[in-house]
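Novice: Structure for the following, please:
(chains A and B)
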Amino acid sequence: MSTLNRIQAPEFHAVKHVDLKKSDDLALSNGMPLYMVNAGTQEVMKLEFIFSGGMRNAQLPIIATAVNDMLDEGTKSRSAIDIAEELDFYGAFIETEVTHDQASFTLWTLNKYLEPSFEIVNDIIRNAAFPDKEFSIYRNNRKQKYVVDTDKVSVLARRRFAELLFGDDHAYGKRTHLSDFDKLTTSELNAFHKQYYHAGNGCILASGNLPANLYEVLNKHFGGNDWKGDMNGDIVIAPAVSNAEREHLVKKEGAMQSALRVGRVLFNREHADFPAMQVLNCALGGYFGSRLMANIREDKGYTYGIGSGLSSMYGDGYFYISTEVGVDVTNAALKEVYFEIEKLQQDLIPDGELELVRNYMTGVFLRSTDGPFAIADRRRALIGYDLDYNYYDRYLETIQTISASSLRDLAQKYLKKEDLIELVAGDRK
Amino acid sequence: MIKYDRFKLGNGLTVIVHNDEATPLACVNILYDVGARDEDENRTGFAHLFEHLMFGGSINIPSYDEPLQRVGGENNAFTTNDITNYYLTLPAANLETAMWLESDRMLSLAFSEKSLEVQRNVVIEEFKQRYLNQPYGDVWLLIRPLTYKVHPYRWATIGKEISHIENATMEDVKAFFKKFYCPSNAIMVVSGPVKTDEVKQLAEKWFGTIPAGVKHNRALPVEPKQEEYRSETVYREVPYDGVYLNFHMCARDDAEYPAMDLISDILSRGNSARLYNALVKDQEIFSEINAFVMGDHDKGTFVVSGKVTEEFSTEHAEEAVFAELQKLCEEKVGERELQKVKNKVESSLQFAEMGILDKSMNLAFYELMGDANKINTELSEYLAVTAEDIQSVAKEVFRKTNCSVLHYKRKK
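Specialist: Numbering: from 1, shown residues only, chains lettered A, B, ... in the order given. Modelled structure (predicted):
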């Protein structure tokens, strides 16, 4: 019997192809787009409403957030507690989310309680009433949370960084200030809700083990013409006006750690270089074995974690590096950040590392198509962009074929130090 | 119903296989029966530091992460007061890579000085990031020693203090590995589009020759029954006051556990829950409030924590919480309210059974508790809980003399 060779890695099979199930694209009687992903074995489903009405659409970003947060705080016929009691009783879960571009409302429900939960959701989305008492409690508690968050260096960095990248008044740069909470009124919430939350300004994404009569049921609740306004969420985004200074500090006395952000305005998912930049980003700071992690965490021990990423919005996008490090090693960590970027600009990524990144990213993509909700999220990522499923073919193709020299060119073109804004929240010593 | 096969290797390693043909991924979850409760009180934080070292290379393989990422895999781990759990997912065709990597670090680590030095620093930064440089971050460092006097739950998994991590030596690391990281102290779950025969063959090949080691005998001091109300007040640079109530309760596998878990749902799960409606919305004493069971394997605790609004003192807030808890002791929970929290438990379970990672972790967890099949039977224990059961455990637990309270006040 031969002894086991534990040094030699077993043979492996690189994944080349990923079967991504496409959605069935339909429309309700009132024209509202409906994307259906029928997959999975559990008798459950997820129903997501996506409206083109995010923070960029609101005069104060907090208006968009408050409308979204308060949808389930009472309708014309149900109190907040009625809504909560009913949904909890059916074992349903809801979640709301607001981004720069979108507002979404998600229901997870057991198929056996689909009809009663749809009825409540219909009431919530269409008839949200923003009652005064609920509003006043909401505002006070949000304000309190805002103040608590202000003690966190990571939050200070996040708030300031968007302003630096896009400009204080820009749709993607404006942020919430403490004084904004007192400016909020329920009439603004009602107006925002009326303008953006309707069939003409959004779509529905249904996924799970979908019942055969789902279309009819959805059409009954959400397909009426009484729920249709103009498509008005899509607005033109002005060019970013990044801050002219490169280095910035938000000082926090007594901080033990500094939160660091380094980045720049770049482009969104529609840009031809986006998939290739994702490969470059992955090598730099996009996974546990990335260069930034290997150097700054695993070699120097400066941080618990460091990462980089590309953010995509409808009208623009940005690249960022983000970490929290000991105050005493703030400058040392920044030095290593630029060192790693320069290395990508000067040297080709070695074959072995590039192969690893290709396989790793393909694995991540495979994972992101596992299960009905994940499959639906792939459809979701295309909504609002001038993209279709071919995007994923291009993405996989790029991951597998992009050359080391193209990646070096991208690093030289897009990651020039003079273009990168640097922010420290905490202190630098 | 989750089906699985279970077998044990000659060296004592328990292996569970769950077949799921709906996914292209395989999952390997290895649970080691060691947590912060197994630490020496002068070397706390060690189980968690050790978890970091498990990624610093093993005896034959210099890097754990690199070969896994090369085949499209991803992994992580966590440490609690009770267990240390390692998990990964990867394209199913590459399952053997996972077995190769996991078996080598069960066989022996590389014990590199450099890795120890770096991970000490990483963990110290984690300590700062999560516990010290965060508003309210040190709450658990304070309330644990108030609640426990002898049981090792009196320290958090991150450790009592940074110096314990700074002082960790290579001898400590080696001794800890020898004592806890052996096949007889581990449970491995493999799931995905895999067949039991195939997993058996791979497990024998890669894990079968690892020496069994000696299964350690856990003999932890038993926390004496608390007989007096305890409270502590601290002042910190935070914008709002917080109040934290910690009650002793049963262990995770005791018969009363489902009733206690349902009580936490009645009090704090979803927007229809009692504490939120009474204390946040009606009385506006709290801006946020939560109640939860810690789920500890030994006799553990039930926690109520909240942030108090400007107008009220933490003392008043504490009384208001007790008044709500008192209702559970005095009046039986209504039928619909009890049904509601049961429905929610049942529904959560349906959603949790959709992914192989959740299923794998739970199988390992229930196997450690005595029987993996509890993953299929535990729901019936929840559904069998009566209003009388709820009232009876509430009376037992929600007594002042069973409670430790932390008043976390802002510096004026």
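Novice: going forward, measure contacts between C-alpha atoms and count neighbours the same way
Specialist: Fine.
Novice: you'd agree A:Ser77 is in a strand?
Specialist: No. Read with DSSP: H, G, I helix; E, B strand; the rest coil, A:Ser77 is coil and lies in no strand.
Novice: count of residues packed around it?
Specialist: For A:Ser77, the neighbour count with other CA atoms under 10 Å in any protein chain shown is 12.
Novice: And for A:Ile235?
Specialist: 14.
Novice: Determine whether the claim that it is in a helix is correct.
Specialist: No. Looking at A:Ile235 with three-state DSSP, it is coil, so not inside a helix.
Novice: Tell me how far it lies from chain B.
Specialist: 35 Å (CA to the nearest CA, to the nearest Å).
Novice: Skip the chain neighbours and tell me the closest residue to that residue.
Specialist: A:Asn57 (7.7 Å; CA to CA, 6 or more residues apart in numbering or on different chains).
Novice: hey, where'd the strands end up in chain A?
Specialist: Using DSSP state E, the strands of chain A run over residues A:24-27, A:33-38, A:44-51, A:93-98, A:103-110, A:202-208, A:247-251, A:257-265, A:303-312, A:317-326, A:421-426.
Novice: Is it possible to get JSON lines of those strands that adds distance to B:Gly57 and mean pLDDT?
Specialist: Converted to JSON lines, those look like this (distance: least, CA to CA, whole Å; pLDDT from 0 to 100):
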{"stretch": "strand A:24-27", "distance to B:Gly57": "47", "mean pLDDT": "97"}
{"stretch": "strand A:33-38", "distance to B:Gly57": "42", "mean pLDDT": "97"}
{"stretch": "strand A:44-51", "distance to B:Gly57": "42", "mean pLDDT": "97"}
{"stretch": "strand A:93-98", "distance to B:Gly57": "41", "mean pLDDT": "96"}
{"stretch": "strand A:103-110", "distance to B:Gly57": "42", "mean pLDDT": "96"}
{"stretch": "strand A:202-208", "distance to B:Gly57": "41", "mean pLDDT": "97"}
{"stretch": "strand A:247-251", "distance to B:Gly57": "38", "mean pLDDT": "97"}
{"stretch": "strand A:257-265", "distance to B:Gly57": "29", "mean pLDDT": "97"}
{"stretch": "strand A:303-312", "distance to B:Gly57": "18", "mean pLDDT": "96"}
{"stretch": "strand A:317-326", "distance to B:Gly57": "24", "mean pLDDT": "97"}
{"stretch": "strand A:421-426", "distance to B:Gly57": "33", "mean pLDDT": "97"}
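Novice: Please render those strands as CSV that adds mean neighbour count and distance to B:Ile165 to the earlier fields.
Specialist: Listed next are these as CSV, based on neighbours: other CA atoms under 10 Å in any protein chain shown; distance: least, CA to CA, whole Å:
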stretch, mean neighbour count, distance to B:Ile165
strand A:24-27, 13, 55
strand A:33-38, 22, 49
strand A:44-51, 23, 45
strand A:93-98, 18, 39
strand A:103-110, 22, 43
strand A:202-208, 24, 46
strand A:247-251, 15, 29
strand A:257-265, 26, 18
strand A:303-312, 21, 14
strand A:317-326, 23, 16
strand A:421-426, 25, 25
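Novice: To chain B, which of those strands lies closest?
Specialist: Closest to chain B of these, according to CA to the nearest CA: strand A:303-312, at 5.1 Å.
Novice: Which residues does the closest one contact?
Specialist: With CA atoms under 8 Å, 6 or more residues apart in numbering or on different chains as the contact definition, strand A:303-312 has outside contacts at A:267-269, A:278, A:281-282, A:284-287, A:292-293, A:296-297, A:317-326, B:121-123, B:125-126, B:129.
Novice: What is the least confident helix or strand in chain B?
Specialist: helix B:113-127 (a mean of 91; mean pLDDT, DSSP states H and E).
Novice: Counting by contacts, list what the very next helix or strand once past that one packs against.
Specialist: With elements assigned by DSSP states H and E, the helix or strand that comes after helix B:113-127 is helix B:139-147. For helix B:139-147, the packing partners by 3 or more CA pairs under 8 Å, 6 or more residues apart in numbering or on different chains; DSSP states H and E come out as strand B:230-236, strand B:242-248, strand B:403-410.
Novice: Now do the helices in the stretch 301-429 of chain A.
Specialist: Ranges of helices in the stretch 301-429 of chain A, per DSSP state H, counting those that start in this stretch, are A:330-346, A:351-367, A:372-380, A:390-401, A:404-414.
Novice: The first one close to chain B?
Specialist: What it means is helix A:330-346. No. Against chain B, helix A:330-346 shows no contacts by CA under 8 Å from any CA of the partner chain, the least distance being 12.5 Å.
Novice: Can I get that helix as PDB, trimmed to CA atoms?
Specialist: Taking C-alpha atoms only, helix A:330-346 is exported to PDB below (Å, rounded to 0.1, in the frame of the first residue of the first chain):
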ATOM      1  CA  THR A 330      -2.400  54.500  10.100                       C
ATOM      2  CA  ASN A 331       0.300  56.000   8.000                       C
ATOM      3  CA  ALA A 332       2.200  52.700   7.800                       C
ATOM      4  CA  ALA A 333      -1.000  51.000   6.500                       C
ATOM      5  CA  LEU A 334      -1.600  53.700   3.900                       C
ATOM      6  CA  LYS A 335       2.000  53.300   2.700                       C
ATOM      7  CA  GLU A 336       1.400  49.600   2.100                       C
ATOM      8  CA  VAL A 337      -1.900  50.300   0.300                       C
ATOM      9  CA  TYR A 338      -0.100  52.400  -2.300                       C
ATOM     10  CA  PHE A 339       2.700  50.000  -2.400                       C
ATOM     11  CA  GLU A 340       0.300  47.200  -3.500                       C
ATOM     12  CA  ILE A 341      -1.300  49.500  -6.100                       C
ATOM     13  CA  GLU A 342       2.000  50.500  -7.600                       C
ATOM     14  CA  LYS A 343       3.000  46.800  -7.800                       C
ATOM     15  CA  LEU A 344       0.000  46.100  -9.900                       C
ATOM     16  CA  GLN A 345       0.900  49.000 -12.100                       C
ATOM     17  CA  GLN A 346       4.500  47.900 -12.600                       C
END
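Novice: got the angle between that helix and strand A:421-426?
Specialist: Relative orientation of helix A:330-346 and strand A:421-426, computed by axes from the mean of the first three to the mean of the last three CA atoms, to 10 degrees: 160 degrees.
Novice: tell me what helix A:330-346 is packed against?
Specialist: Against helix A:330-346 (3+ CA pairs under 8 Å, 6+ apart) you get helix A:291-292, helix A:404-414.
Novice: Between strand A:317-326 and the longest one, find me the angle.
Specialist: Right, helix A:404-414. Orientation of helix A:404-414 against strand A:317-326 (the same axes, to 10 degrees) gives an angle of 90 degrees.
Novice: gap between B:His297 and B:Ala384?
Specialist: 22 Å (CA to CA, to the nearest Å).
Novice: and the two? which has more neighbours close in?
Specialist: Remark: of B:His297 and B:Ala384, B:His297 carries more neighbours, 16 against 12, as counted by other CA under 10 Å.
Novice: and the closest residue to the more buried one other than its chain neighbours, what element?
Specialist: In space, and not counting its chain neighbours, B:His297 is closest to B:Arg252: 4.9 Å by CA to CA, 6+ apart. Per DSSP H and E: B:Arg252 is located in neither a helix nor a strand.
Novice: just the residues of the stretch 201-350 of chain B that are near chain A, which are they?
Specialist: Residues of the stretch 201-350 of chain B lying near chain A (CA under 8 Å from any CA): B:205-206, B:238-240, B:270-272, B:277, B:280-281, B:284, B:287-288, B:339-341, B:343-348, B:350.
Novice: Drop anything exposed from these.
Specialist: B:206, B:238-240, B:270-272, B:277, B:280-281, B:284, B:287-288, B:339-341, B:343-348 (16 or more other CA atoms under 10 Å in any protein chain shown).
Novice: Sweet, I'm off.
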